[in-house]
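>>> coordinates only, sequence not included:
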């Protein structure tokens with residue numbers, strides 16, 4: 001979930017802001033849900049979300065994916081990365 005107030009102004013003010021975890025572990029068959037509860041759009045992991053939007057993704061293949069945790073939509077550049085590790089179904 002992207003919390004309200006996550007934007008470049010927070011970062012510029014020295015606020016520690018919100019950071020995505022560096023690693024997310026899921027399994028094939030899991031569902032990943034990302035919700036933007038902020039008042040501005042965000043590019044988070046693999047999806048662009050307007051305020052109040054939710055993206056739901058069924059995980060279908062094992063492997064790994066890497067994403068920048070910053071948000072180009074509002075210049076909240078955190079210089080972090082999140083890697084999603086996807087294990088085969090049990």
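Nice, thanks for sending it over. Note that the structure is predicted; figures quoted are calculated from it, not measured.

>>> Which of the helices or strands spans residue 32?
strand 31-35 (DSSP states H and E).

>>> by contact count, what packs against that strand?
Judged by 3 or more Cβ pairs under 8 Å, 6 or more residues apart in numbering; DSSP states H and E, the packing partners of strand 31-35 are strand 47-49, strand 54-58. (Glycine included, C-beta is placed from N, CA and C.)

>>> how about a cut-off of 10 Å?
Counting by 3 or more Cβ pairs under 10 Å, 6 or more residues apart in numbering; DSSP states H and E, the packing neighbours recorded for strand 31-35 are strand 42-44, strand 47-49, strand 54-58.

>>> ranking those strands by burial, who's on top?
Here the criterion is mean neighbour count by mean count of other Cβ atoms under 10 Å, and of the helices and strands packed on strand 31-35 the winner is strand 42-44, at a mean of 22.

>>> Pull up the pairing partners for it, direction included.
Under the criterion DSSP bridges, strand 42-44 sits next to strand 47-49 (antiparallel) in its sheet.

>>> can you tell me the average pLDDT over the strand it pairs with?
Along strand 47-49, the predicted confidence averages to a pLDDT of 88.

>>> And stretch 62-76, by the same measure?
For stretch 62-76, the mean per-residue pLDDT is 73.

>>> follow-up on the earlier one: the strand holding residue 32 pairs with which strands, parallel or anti?
Strand 31-35 has these partner strands in its sheet, going by DSSP bridges: strand 54-58 (antiparallel).

>>> mind listing what the helix or strand just after the partner strand pairs with, with the direction of each?
The helix or strand immediately downstream of strand 54-58 is strand 63-68, counting by DSSP H and E. Pairing partners of strand 63-68, with direction, according to DSSP bridges: strand 81-87 (antiparallel).
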